[in-house]
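In: Build me a model:
(one chain, ligands or ions: 1)
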Amino acid sequence: MRKNIVAGNWKMNTTLAEGVGLAKDVNEALKNAADVKCDVVICVPFTHLAPVAAVIDGKLGLGAENCADHVKGAYTGEVSAPMVASTGAKYVILGHSERRQYYGETSAILKEKVNLALAENLTPIFCIGEVLEERENGTFLDVVTRQIREALFGLSAEDFGKLILAYEPVWAIGTGKTATADQAQEMHAHIRGVIAEKYGKEVADNCSILYGGSCKPSNAKELFAKADVDGGLIGGAALDAASFMGIVTAF
Ligand code: PGA
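Out: The predicted structure is shown next:
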């Protein structure tokens, strides 16, 4: 059956020294926590990957926040999936709404990134979600269906089964405005249905679907209690070890 997962997304925060310190704190807290019922991952800036890999144990997963849509070559400033994998990272966030919105990442680009990540045995944490206008005009289910179809439905069932999905309503990211547990459940059940239609019930049932958007210790329990919410992708609250662990222990 599918795994419960709590993943931190540090975004463009922390200097190297601060990031290594935070990773050590999370690592230590996780080691000392009794009865952790989920996988725990931190996704950190590229510059932090190798130094963080050196200070954490196997129990804490490590990921990047993005990778390039080309495997190597003359793409100044880009970081490829093989480079990410060579640091010891095992995960990569792809399709985050900030990448789509500020850096023009389209489904066609994301499709390439997913393929390149899978080729390196990295687990993509693939983000999908509607903007406020789409929530308000009632098209949100269709928008998310389209995001999944366009970027992911070229995959074989075997490869699709390697993905983690993260539903992140854009209007809830960093705004303090969380989707209600019922809104999250409605969308997660919809996503699972879309997957089932294409790949069958078993693949859909085995897919971990995380919720992201102002998830914090005070609301994590209610969100994670929903049948189709398998954990969280955590931004702001992942920058403080105690808050992050408050979410990890909500399971
Ligand atoms: P937030 O960010 O928890 O700060 O809302 C979540 C995300 O963007 O992954």
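
In: Helix, strand or coil: sort out the closest residue to N27 other than its chain neighbours for me.
Out: Distances taken as CB to CB, 6 or more residues apart in numbering place I56 nearest to N27, at 4.5 Å, with adjacent residues excluded. In this view, the C-beta of every residue, glycine as well, is placed from N, C-alpha and C. Here I56 is recorded as coil under DSSP: H, G, I helix; E, B strand; the rest coil.

In: Quick one: neighbours of I56, just the number.
Out: If you count neighbours by other CB atoms under 10 Å, I56 ends up with 20.

In: you'd agree it is up against G63?
Out: No - contact between I56 and G63 fails when scored by CB atoms under 8 Å: they sit 11.7 Å apart.

In: mind checking how far the residue nearest to N27 is from V40?
Out: From I56 across to V40, the span is 10 Å (CB to CB, to the nearest Å).

In: got any residues that touch both of the two?
Out: V26 (CB atoms under 8 Å, 6 or more residues apart in numbering).

In: Can you name the residue of the chain nearest to the ligand?
Out: Minimum separation of the chain from the ligand (CB to the nearest ligand atom) falls at G235, amounting to 2.2 Å.

In: contacting residues around that residue?
Out: Contacts for G235 (CB under 8 Å, 6+ apart) come out as G8, N9, K11, I173, G174, G212.

In: Turn the residues you listed into TSV, including pLDDT.
Out: Formatted as TSV, the contacts of G235 follow (pLDDT from 0 to 100):
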residue	pLDDT
G8	98
N9	98
K11	98
I173	91
G174	87
G212	97
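
In: and of those, the nearest to D205?
Out: Taking CB to CB as the measure, G212 is the one of the contacts of G235 closest to D205, at 21.1 Å.

In: Before I go, just wanted to say thanks for your time.
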